[in-house]
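A.B. asks: Give me a model of this one.
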Amino acid sequence: MQPRKIFERAYFTIAILLALASSARGSGLLLYETGAPDLGTASAGRAAMAADASTVAANPAGMTELDRSQLLGAAGALLPFTNFNLAPETTTSGGGGGNAGVFTPIGSFNLAYKLSDRVWLGMATYSNFGLSGDYGIPWAGRYYVTYESIISGTGNPNIAYRVNNWLSVGAGFSFSVARLFFQSKNKQQLSPGNT
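C.D. replies: Modelled structure (predicted):
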């Protein structure tokens, strides 16, 4: 096959793929507050900053700017406050459920290890999404949900290489695991006194 025909077919395939591409939408809660010191700057510049070992999670090439190997551990907590207000059109008995916020721990562990003057190894473990809510049995929405929680953990091993004084490159991958728990009540599970 001639090279020209190969390029024509490749361009045609790429054009078809681009024409069929669409966007995906979703919603959720992403937490940048993994307990790293950049929390004091509201995580502004996190992708470019290289102030400590927490750079491993967002900017692996930044490890080469550190002066020595570093280990950083951080912990914190979320104490959410959320209420549900009943509308006058609500047809289900029950109340608003009160504060559904549940204590949720957050934290991170970051290691930046200087293997040589040019090569760095890094490992970050953290949870950047998760939350819990507990409305209780007397809540008007108990047939949809009474308690839910999602807990996640992410591991991010990577490597960085200093090419020269003004250029460093980094590479790595992230893998995440999560546990979702979701509970609701149906009418058969409720005693007559609880409906």
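A.B. asks: Where is the longest strand in this protein?
C.D. replies: Scanning the chain for the longest strand, with DSSP state E as the assignment, gives strand 147-164.
A.B. asks: mind listing what the next helix or strand after that strand pairs with, with the direction of each?
C.D. replies: Proceeding N to C from strand 147-164, the next assigned helix or strand is strand 167-172, under DSSP states H and E. Partners of strand 167-172 in the sheet, by DSSP bridges, are strand 147-164 (antiparallel).
A.B. asks: quick one: buried residues of the longest strand of the chain?
C.D. replies: The neighbour-count check on strand 147-164 (16 or more other C-beta atoms under 10 Å) flags 147-151, 154, 156-162 as buried. Yep, even glycine has a C-beta here, placed from its N, CA and C like the rest.
A.B. asks: any idea which of these is closest to residue 175?
C.D. replies: Proximity of the buried residues of strand 147-164 to residue 175 (C-beta to C-beta) peaks at residue 154, which lies at 7.1 Å.
A.B. asks: got the contact list for the closest residue in space to that closest one that isn't next to it in sequence?
C.D. replies: Leaving aside its sequence neighbours, residue 154 sits nearest to residue 176 (C-beta to C-beta, 6 or more residues apart in numbering; 4.5 Å). By C-beta atoms under 8 Å, 6 or more residues apart in numbering, the contact list for residue 176 reads 152-155.
A.B. asks: quick check: mean pLDDT across the helix ranked longest in the chain?
C.D. replies: Identified as the longest helix of the chain according to DSSP state H is helix 3-20. Helix 3-20 shows a mean pLDDT of 81.
A.B. asks: Mind giving me the packing neighbours of the following helix or strand past it?
C.D. replies: Following helix 3-20 in sequence order, the next helix or strand is helix 55-58 (DSSP H and E). Under the contact definition 3 or more C-beta pairs under 8 Å, 6 or more residues apart in numbering; DSSP states H and E, helix 55-58 sits against strand 104-114, strand 119-126, strand 147-164.
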